[in-house]
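S.K.: fold the following for me, if possible:
(one chain, ligands or ions: 1)
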Amino acid sequence: MLEAAYPPARAESWDAVGLVSGDPGQGVRRVLFAVDPVAAVAAEALEWEADLIVTHHPLYLRGTTSVAATTPKGRLIRTLIKNDIALYTAHTNADVANPGVSDALARAVGLVGDLVPLQSFPDDPWRGLGRIGELPGEVTLGEFAAQAAEGLPRTSAGVRVAGDLSRPVRRVAVSGGAGDSLLETAKAAGVDVFLTADLRHHPASEFVESGGPALVDAAHWATEWPWLDSAASILRASGVNVETRVSATVTDAWTRGY
Ligand SMILES: [Zn+2]
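M.R.: Numbering: from 1, shown residues only. Just a heads-up that it's a prediction; the model follows:
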């Protein structure tokens, strides 16, 4: 069911998606959805007695020669295998799916109506990276940023805005996760504001200086978290007899702002 919604063939060539550990024949009763395969999520899975963890980010992207418990990843995989907890990843294949990561993000920050990819596949106009949509009415950039912060799970950094706070915005592009590769695409699309994560000083500064859309930069984890319930709902809607849970553990890298 997950592979029907998020076909692995649509993942980027550098990505590592699909079943990371576990036996395809094992029974699954409880499925935990989380952004990151990290120790806190494994602990939550253990405590809830999950049989499967579905994460957005891969545990091993570049391969490894050891799963010994001498590294954080080795410890994690050992914990999962010892406790019969499978791990499955849907990463860039979930980004480009319809609905995918950025659809859930778009809804979380208040976009309504039809959403179209910011950068669609040449062979499929309804799938691709990012989404463009509209707010129900025109608001100021400051109001939109406050609404986006309200709609996303809380993190230490909150959201940051680049641009004139009184600027009117209605047409919005969003991209879950690190979206700076889509800056020029967002500018070409003529949106009023682009919301993504992990923007750096120089690209952001130059983008705003050049008269591009305003920017809203949210925590990486927070921009992808809304997708978890969307993925879980696929299993729930199928009528299959599994319990789903979306991890509320904040696994963003930044744990405190001062
Ligand atoms: Zn990500």
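S.K.: spell out the residue ranges of the helices in this structure.
M.R.: 2-5, 39-48, 72-82, 92-95, 101-108, 141-151, 183-189, 201-209, 220-237 (DSSP state H).
S.K.: any chance of the ones you listed in TSV, plus distance to Pro117 and mean neighbour count?
M.R.: Quick note: C-beta positions are derived from backbone N, CA and C, even for glycine. Putting these into TSV (distance: least, Cβ to Cβ, whole Å; neighbours: other Cβ atoms under 10 Å) gives the following:
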stretch	distance to Pro117	mean neighbour count
helix 2-5	16	16
helix 39-48	29	17
helix 72-82	32	16
helix 92-95	10	25
helix 101-108	8	26
helix 141-151	20	19
helix 183-189	10	18
helix 201-209	20	13
helix 220-237	15	22
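S.K.: closest to Arg131 out of the ones you listed?
M.R.: The closest of the helices of the chain to Arg131 is helix 101-108. By Cβ to Cβ, the value is 4.2 Å.
S.K.: report all helices and strands that the closest one contacts.
M.R.: With contacts taken as 3 or more Cβ pairs under 8 Å, 6 or more residues apart in numbering; DSSP states H and E, helix 101-108 sits against helix 92-95, strand 112-121, strand 124-140, strand 168-178, helix 220-237.
S.K.: for the shortest one, name the packing helices and strands.
M.R.: Meaning helix 92-95. helix 101-108.
S.K.: and the helix it packs on, what's its mean pLDDT?
M.R.: The average pLDDT within helix 101-108 is 98.
S.K.: re earlier: redo the helices of the chain as JSON lines? Include distance to His56.
M.R.: JSON lines is the format used below for those (distance: least, Cβ to Cβ, whole Å):
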{"stretch": "helix 2-5", "distance to His56": "12"}
{"stretch": "helix 39-48", "distance to His56": "11"}
{"stretch": "helix 72-82", "distance to His56": "15"}
{"stretch": "helix 92-95", "distance to His56": "6"}
{"stretch": "helix 101-108", "distance to His56": "7"}
{"stretch": "helix 141-151", "distance to His56": "18"}
{"stretch": "helix 183-189", "distance to His56": "22"}
{"stretch": "helix 201-209", "distance to His56": "23"}
{"stretch": "helix 220-237", "distance to His56": "5"}
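S.K.: quick one on the thing from earlier: among the helices and strands packed on helix 101-108, which comes closest to Val41?
M.R.: That would be helix 220-237 among the helices and strands packed on helix 101-108, by Cβ to Cβ, at 11.1 Å.
S.K.: quick one: mean pLDDT for the closest one?
M.R.: 97.
S.K.: low-confidence ranges, this protein, go.
M.R.: Across the chain, nothing is flagged by pLDDT under 70.
S.K.: next one: the most centrally placed residue in it from Arg30, what distance?
M.R.: For the chain, the residue nearest the mean C-alpha position is Glu224 (2.2 Å; Cα atoms, centre = their mean). Shown here: Glu224 relative to Arg30, a distance of 22 Å by Cβ to Cβ, to the nearest Å.
S.K.: quick check: Val169 vs Val139, distance?
M.R.: 6 Å.
S.K.: starting at the chain centroid, how far to stretch 27-35?
M.R.: Between the centre of stretch 27-35 and the centre of its chain there are 17 Å (Cα atoms, centre = their mean, to the nearest Å).
S.K.: tell me how the protein divides into domains.
M.R.: What automatic domain parsing lists as the domains of the chain is 2-94+225-246, 96-223.
S.K.: out of those, which is closest to Asp252?
M.R.: Once these are compared by Cβ to Cβ, domain 96-223 is nearest, at 3.6 Å.
S.K.: wait, doesn't Pro99 sit right on Asp229?
M.R.: No: using Cβ atoms under 8 Å, Pro99 is not in contact with Asp229; the gap is 11.2 Å.
S.K.: hang on, the earlier thing: Val169 and Val139: which is more packed in?
M.R.: In this view Val169 and Val139 are compared by other Cβ atoms under 10 Å, and Val169 has more residues nearby, 22 against 17.
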